[in-house]
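Asker: I need the structure of the sequence given here:
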Amino acid sequence: MTTDLMTPHPATTDTALWLHRTAPVAAPVARLICFPHAGGSASFFRDWGHRIPGVEVYAVRYPGRAERLAEPVAPDLRDLARAIADAVAVLADRPLALFGHSMGAPIALETAAALEARGIDPVHLFASGSRDAPYPSPEDWADPDEEDDPAVIERLLTLGGTDPELAADPEFQELVLPYVRADAHMFHAYAPGSTPGTAPRVRCPVTTLTGDADADADCRPWSELTTGGVREQGVLGDHFYLVTQPPHALIRETLAGAPGPAAG
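Answerer: Now for the predicted structure:
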């Protein structure tokens with residue numbers, strides 16, 4: 001039996017189920033919601049709450065992995081974002097910012113749109129592993145059905161962020177590859193440009209962060225997707241630059257002057 005992410009139920013409204021608070025912060029100046037990459041989990045951001053003073057960091061717990069392994073993986077990116085927005089909305093007594101890495105960037109975008117539809121305006125969206133550029137043509141977007149397990153593993157190693165010894169472990173492959181593939185299917189169904197005219201247009205400013213050696217960055221026309229302006233930030237590194245060079249200082253500086261409560 002699968003879970004309908006569009007129907008309100010305890011799983012979509014339970015903030016503790018969907019969001020992991022990485023560290024409590026007394027009277028935070030803002031709250032940062034972090035969206036993992038394809039195949040990623042909330043643990044990717046586990047130490048961020050101790051690294052950005054004054055900002056309370058929450059990491060999104062996608063279904064189908066880690067503590068939610070028994071649940072079905074989300075099949076639709078927009079439905080997933082709306083469910084996340086339900087959980088995030090209760091935190092809007094403080095300014096909200098969203099940080100999405102790779103696949104997490106469009107999920108953050110759709111979540112921002114869902115929050116704005118509820119009268120909650122995020123103060124900033126950080127699109128990591130993504131750049132302001134036209135969508136690739138559909139023929140350049142690899143179909144996950146065309147890749148066997150070794151190809152998927154090689155893809156993970158090429159992107160970085162996965163330990164080669166761990167990736168060679170059969171138990172790791174049995175546990176992780178199913179939701180890596182499911183994430184790829186979800187992302188493939190959403191982008192790039194597979195449903196023209198359906199991309200949301202949000203009001204919050206966007207900062208893109210792209211490694212100078214990142215040949216696999218998500219391409220998305222951010223300048224057309226927000227009325228809040230786009231700042232492009234180049235960083236040193238590949239697609240997973242943030243493993244060794246996390247942009248904590250940039251986030252802290254950007255949010256230091258965040259306006260009052262985000263709820264409208």
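
Asker: buried ones in the longest helix belonging to the chain?
Answerer: As assigned by DSSP state H, the longest helix anywhere in the chain is helix 170-190. Across helix 170-190, burial judged by 16 or more other CB atoms under 10 Å covers 173, 176-177, 179-184, 186-188, 190. In short, each C-beta sits where N, CA and C put it, glycine included.

Asker: as TSV, the residues you listed with distance to His124 would be great.
Answerer: TSV is the format used below for the buried residues of helix 170-190 (distance: CB to CB, whole Å):
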residue	distance to His124
Gln173	37
Val176	31
Leu177	34
Tyr179	29
Val180	29
Arg181	32
Ala182	29
Asp183	25
Ala184	28
Met186	25
Phe187	23
His188	28
Tyr190	22
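
Asker: distance to Cys204 and pLDDT added to the residues you listed, as a markdown table?
Answerer: Below are the buried residues of helix 170-190 laid out as a markdown table (distance: CB to CB, whole Å; pLDDT from 0 to 100):
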| residue | distance to Cys204 | pLDDT |
| --- | --- | --- |
| Gln173 | 38 | 73 |
| Val176 | 32 | 78 |
| Leu177 | 35 | 81 |
| Tyr179 | 29 | 81 |
| Val180 | 29 | 83 |
| Arg181 | 32 | 83 |
| Ala182 | 29 | 86 |
| Asp183 | 25 | 86 |
| Ala184 | 27 | 83 |
| Met186 | 23 | 89 |
| Phe187 | 22 | 86 |
| His188 | 26 | 82 |
| Tyr190 | 20 | 86 |
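
Asker: once you drop chain neighbours, what's closest to Ile120?
Answerer: Among residues not flanking Ile120 along the chain, Ala92 sits closest, at 4.7 Å (CB to CB, 6 or more residues apart in numbering).

Asker: which residues of the stretch 1-150 of the chain fall in helices?
Answerer: 10-13, 15-18, 77-88, 104-117, 149-159 (DSSP state H, counting those that start in this stretch).

Asker: which secondary structure elements does the longest one contact?
Answerer: Put plainly, it is helix 104-117. strand 30-35, helix 77-88, strand 96-101, strand 124-128, strand 218-220 (3 or more CB pairs under 8 Å, 6 or more residues apart in numbering; DSSP states H and E).

Asker: contacts for the last one?
Answerer: The one in question is strand 218-220. Applying CB atoms under 8 Å, 6 or more residues apart in numbering, the external contacts of strand 218-220 come out as 102-103, 105-106, 109, 127, 129-136, 191-192.

Asker: please compute how far stretch 99-110 lies from its chain's middle.
Answerer: Here stretch 99-110 is found 3 Å from its chain centre; the criterion is CA atoms, centre = their mean, to the nearest Å.

Asker: returning to that earlier point: Ala30: which of the contacts of strand 218-220 is nearest?
Answerer: Ala127 (17.3 Å; CB to CB).

Asker: leaving out chain neighbours, which residue sits closest to the most centrally placed residue in the chain?
Answerer: The centroid of the chain falls nearest to Gly104 when counting by CA atoms, centre = their mean (1.9 Å). Nearest non-adjacent residue to Gly104, counting by CB to CB, 6+ apart: Phe35, 3.2 Å away.

Asker: thinking again about what came up before, any chance of the helices and strands packed on helix 104-117 in CSV with mean pLDDT as columns?
Answerer: Converted to CSV, the helices and strands packed on helix 104-117 look like this (pLDDT from 0 to 100):
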stretch, mean pLDDT
strand 30-35, 97
helix 77-88, 95
strand 96-101, 98
strand 124-128, 98
strand 218-220, 90
